[in-house]
Structures are given as C-alpha cells and as structure tokens.
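>>> Output the structure for:
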Amino acid sequence: MICEQTGAKVVPVPITDACEIDLEAMQRLLNPRTRMVAVAHISNAIGTVHPVKEIIKLAHDQKIPVLIDAAHSIAHDSINVQEWDCDFLVGSGHKCYGPTGIGYVYAKSSMWEVLPPYQGGGSMIERVSFERVTFRDFPERYEAGTPHIAGAIALGAAIDFINQFRMDDIVAHEQSLLDYAINQFSQMDEIKLLGSPKKRSCGFSFLVKNIHPHDIATSLNQDGIAIRAGHHCCQPLMKRLGVPGTNRVSFAIYNTKEEIDILVASLKKILKIFA
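Numbering: from 1, shown residues only. Coordinates of the predicted model:
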C-alpha cells in the first residue's frame, strides 16, 4: 500500500528450497536505496525460525531500519528487542491467546520522534485551532480517539496467562510435539512435508497426494480436529513452492501428544476413504 502511495518498490528476498531466507542473496540486495527491511521472526506457514538477529545486523551495517513481524512467535519463543536491536516489532493479540482486533507495536524512541500521526482524534492533540494543530508526545500522538479498552484489558490477561509459564518450558513442550508429529507424518508415504529448515517452531505445512487441502481440512473437521488449509495469507510463498495451498498443523502450550495420535489416526482413515 505504501509503495502505491509513494512509488517505492517491494524487493523480495529469495528463500532456499528448505524454506529458509537466503542471507547471501539478501546481503547482495541491500543497498543505499533500501529504505527498510521487513521480516517475520517465525513463518506462519512453514514454521521456519528466521535468524532475525543476523538479519538486523546485516541491515544496520548499512544503516537500514528493520521491522520484525512477531505475530506468530510472541507466544512460542523468546523475544528480546534490546538484544536483537530491531527498530520496530509488531504482532497481533489473537495469536497470543488474546482477543481479535488488537495488537502491539514496539519502536525505538528515535523512530517515534520522527513518525507523524497516522490518525486524528481525541487524546492525541496538544492544541487545536483552525490555523494549526500540534500533537502530544508519543505514544499518545498515535492513539487517536477512544481506545479499544476491553481488548487491551483482555490482551493484558492473555499476556499474564503466558507469563505464568517459563518460556523455556513452552519452547521445550511445543518442540517435543513438533518433533513427535513430524516423525509420525514422515512415516506416511502419501504425505509430503513442506520445507526442511534447520530451526522450526510451533507448526508445519503438509500436502496429501492427490487430495486438495480443503478436502483434508473438511474431513478432519468431521472428527473434531481443527487445522488450517489454504494459502495462509502468503500467496507468494505458495507460488514459490508451486502449490495452490497447504494444510497446516499448529501447536500451543495446551496441546498433547495424544491429540497428535488422534490426528494421525484420522488422517490414515481419510487416506483409506479417498483411496
């Protein structure tokens, strides 16, 4: 959208066949005309954990700011904006067990100081006249009008819920589920796992031979099993992989290995039916 408004150009960084960012290609693409680098910490489709600290350093070596999309990782992995030294970090409430319609934005104070407000409304103004408007300091200048009060309270409760656990324990639990599921899926010849990143977190995508992802998801739903099917809001990735969409299994702190066994049993039943 910004490119349409300003004439800027989106330059995609290539990924490898393992579904990892090609850091050498990225380094070649960075140049004095690069205005910003934007990257997800964890891929919502493949589960790849990208080396954001290394990416940020490559960009900062050329004085390029970096935005990290942490929507898919905030509830599943450790995040330290000071250690990473990212300039911006964003994410959504519903992916950390909170409500929809609310999220979070982190930015260095040096960034807030130069960014103009994107909305006008009550609580963000300092003085208003017909001739001139001045704005309050950050963060108030970016919080126009009545805020999403109920959503903020619920998001706070969701964060408290996560914080009752040690992140190392969350990571260990979800990684054990991931390893267990991938091992089970790898034993079914009709199933193809997409991507083979060195580091993966909280989920993966797969295809079933000769069966459309939506048919798989609908059939699993009959057994009370919820997965996602489609392009997962990343159509360029689907084009790179040469597929119309995938099935995605995701894990959270409340999932169990017994649930994976139920999923695998249901998949085997579906394979027999479609065969």
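
>>> so what's residue 69 up against?
38-41, 90-91 (CB atoms under 8 Å, 6 or more residues apart in numbering). In this view, the C-beta of every residue, glycine as well, is placed from N, C-alpha and C.

>>> among these, who's most crowded?
Greatest neighbour count in the contacts of residue 69, by other CB atoms under 10 Å, goes to residue 41: 25 neighbours.

>>> Contacts only, for the residue nearest to that residue when sequence neighbours are not counted.
Leaving aside its sequence neighbours, residue 41 sits nearest to residue 73 (CB to CB, 6 or more residues apart in numbering; 4.3 Å). For residue 73, the contact set (CB under 8 Å, 6+ apart) comprises 41-42, 49, 79, 91, 201-202.

>>> Among those residues, which one sits closest to residue 155?
Ranked by distance to residue 155 (CB to CB), the contacts of residue 73 are led by residue 91 at 10.5 Å.

>>> Tell me how far that closest one lies from residue 175.
21 Å (CB to CB, to the nearest Å).

>>> same check, this time on residue 107
31 Å.

>>> So these two - more neighbours on which side?
Between residue 107 and residue 175, counted using other CB under 10 Å, the more crowded position is residue 107 (20 against 16).

>>> The more buried one is in contact with residue 81, isn't it?
No - if you go by CB atoms under 8 Å, residue 107 and residue 81 don't touch, sitting 9.4 Å apart.

>>> Touching both of the two, which residues are there?
In contact with both residue 107 and residue 81: residue 89, using CB under 8 Å, 6+ apart.

>>> thinking again about what came up before, nearest to residue 143, of the contacts of residue 69?
Of all these, residue 90 has the smallest distance to residue 143: 15.4 Å, by CB to CB.

>>> Give me the next element, helix or strand, following the longest helix seen in the chain.
Criterion DSSP state H: the longest helix present in the chain is helix 167-186. Going down the chain from helix 167-186, the next helix or strand is strand 191-193, by DSSP states H and E.

>>> Show me the contact partners of that next one.
So strand 191-193 is contacted by 182, 185-186, 204-209, 267 (CB under 8 Å, 6+ apart).

>>> Where is pLDDT lowest across those residues?
Checking pLDDT across the contacts of strand 191-193, the minimum falls on residue 209 at 92.

>>> what separates that one from residue 55, distance-wise?
Note on residue 209: its distance to residue 55, by CB to CB, is 35 Å.

>>> so where do the strands sit in the stretch 101-250 of the chain?
103-107, 125-128, 133-135, 191-193, 203-208, 228-230, 246-250 (DSSP state E, counting those that start in this stretch).

>>> so which of those strands gets nearest residue 156?
Proximity to residue 156 (CB to CB) singles out strand 103-107 among these, at 10.9 Å.
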